[in-house]
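Asker: Below: sequence and its predicted model.
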Amino acid sequence: AQSVTQLDSHVSVSEGTPVLLRCNYSSSYSPSLFWYVQHPNKGLQLLLKYTSAATLVKGINGFEAEFKKSETSFHLTKPSAHMSDAAEYFCVVSLTSGGTSYGKLTFGQGTILTVHP
Amino acid sequence: DSGVTQTPKHLITATGQRVTLRCSPRSGDLSVYWYQQSLDQGLQFLIQYYNGEERAKGNILERFSAQQFPDLHSELNLSSLELGDSALYFCASSVALAGTGELFFGEGSRLTVL
């Protein structure tokens, strides 16, 4: 079985300060890991993905995440928050086989990021 | 814009009724997925179709069914609706059956059951 735990349901930062959204995963097999973002009244958009290549993954809008197998973590970071980053973020795990992933994604419960001026 | 179109965007109905949600995938995508997002359950995978065939099933109730048509659009049918079925239903698509894991999501259909 696979699962993800997002350690914070809400994170609040000031504009221009670093962002850290924490995610731990559990998977019996080699996982693929993703971060998706959901802006209000919008669908989900892929931020970045880890599929057993480099452990430090860079995504869109200045976000990056580091895969740490020893800690079973995949935390999302950004050096400087922008007002437009305010949204809900989902850590996602998918089973992997032979370098590809399957479409049955398991989502974390989400972290709502608030950015203050 | 992800290229995935879902209709209707909002739907209000009564308990016991039946509704159909429609999804048009991105041009060229053969896989369609349905997800349910609710406050208490979060985002839950319901079902996946690939090129017209069911390929994976998640936490989908027996009152719910789906299909993918030859033109690749998909419909999710929800029957004998209960209050607890109120949720945001997302459709997503991808090119392949098993790919890089990137899904393209529509903006969802918000179902309210009164």
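Answerer: Ah, there it is.

Asker: Can you show me the strands along chain A?
Answerer: A:3-6, A:10-14, A:19-21, A:23-26, A:31-38, A:44-50, A:56-58, A:64-68, A:73-78, A:87-97, A:100-101, A:106-107, A:111-116 (DSSP state E).

Asker: Which one of those lies nearest to B:Ala96?
Answerer: Distances from B:Ala96 to each of those were compared using Cβ to Cβ; the shortest belongs to strand A:100-101, at 7.9 Å. Backbone N, C-alpha and C define where each C-beta goes, glycine included.

Asker: What mean pLDDT does that closest one get?
Answerer: Across strand A:100-101, pLDDT averages out at 51.

Asker: Looks like B:Ala87 contacts B:Asp40 (just checking).
Answerer: No: applying Cβ atoms under 8 Å, one finds B:Ala87 not in contact with B:Asp40, separated by 9.5 Å.

Asker: and the two? which has more neighbours close in?
Answerer: Neighbours were counted for B:Ala87 and for B:Asp40 using other Cβ atoms under 10 Å in any protein chain shown; B:Ala87 has more, 22 against 6.

Asker: Just want to check the distance between the residue nearest to that one when sequence neighbours are not counted and A:Ile60.
Answerer: On the basis of Cβ to Cβ, 6 or more residues apart in numbering or on different chains, the spatially nearest residue to B:Ala87 that is not a chain neighbour turns out to be B:Ser38, at 4.0 Å. With distances defined as Cβ to Cβ, to the nearest Å, the gap from B:Ser38 to A:Ile60 amounts to 27 Å.

Asker: Please say which of these two ends up with more neighbours.
Answerer: B:Ser38 (14 against 10).

Asker: For beta bridges, what are the partners of that one?
Answerer: With DSSP bridges applied, the residues forming beta bridges to B:Ser38 are B:Gly42.

Asker: Can you tell me what sits against stretch B:37-51?
Answerer: With Cβ atoms under 8 Å, 6 or more residues apart in numbering or on different chains as the test, stretch B:37-51 has contacts from A:90, A:103-110, B:30-36, B:54-60, B:64, B:66-68, B:72, B:74, B:76, B:86-90, B:97, B:108.

Asker: can I have it written out in PDB, keeping just the CAs?
Answerer: Coordinates of the C-alpha atoms in stretch B:37-51 are reproduced here as PDB (Å, rounded to 0.1, in the frame of the first residue of the first chain):
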ATOM      1  CA  GLN B  37     -12.700  15.800  -3.700                       C
ATOM      2  CA  SER B  38     -14.700  16.200  -0.500                       C
ATOM      3  CA  LEU B  39     -13.800  18.000   2.800                       C
ATOM      4  CA  ASP B  40     -13.800  14.800   4.900                       C
ATOM      5  CA  GLN B  41     -12.200  12.400   2.400                       C
ATOM      6  CA  GLY B  42      -9.900  14.700   0.500                       C
ATOM      7  CA  LEU B  43      -9.000  13.700  -3.100                       C
ATOM      8  CA  GLN B  44     -10.000  10.100  -3.900                       C
ATOM      9  CA  PHE B  45      -9.300   8.200  -7.100                       C
ATOM     10  CA  LEU B  46     -12.500   6.700  -8.500                       C
ATOM     11  CA  ILE B  47     -11.800   5.000 -11.800                       C
ATOM     12  CA  GLN B  48      -9.600   5.100 -14.900                       C
ATOM     13  CA  TYR B  49     -10.400   4.400 -18.500                       C
ATOM     14  CA  TYR B  50      -7.900   3.900 -21.300                       C
ATOM     15  CA  ASN B  51      -9.100   4.000 -24.900                       C
END
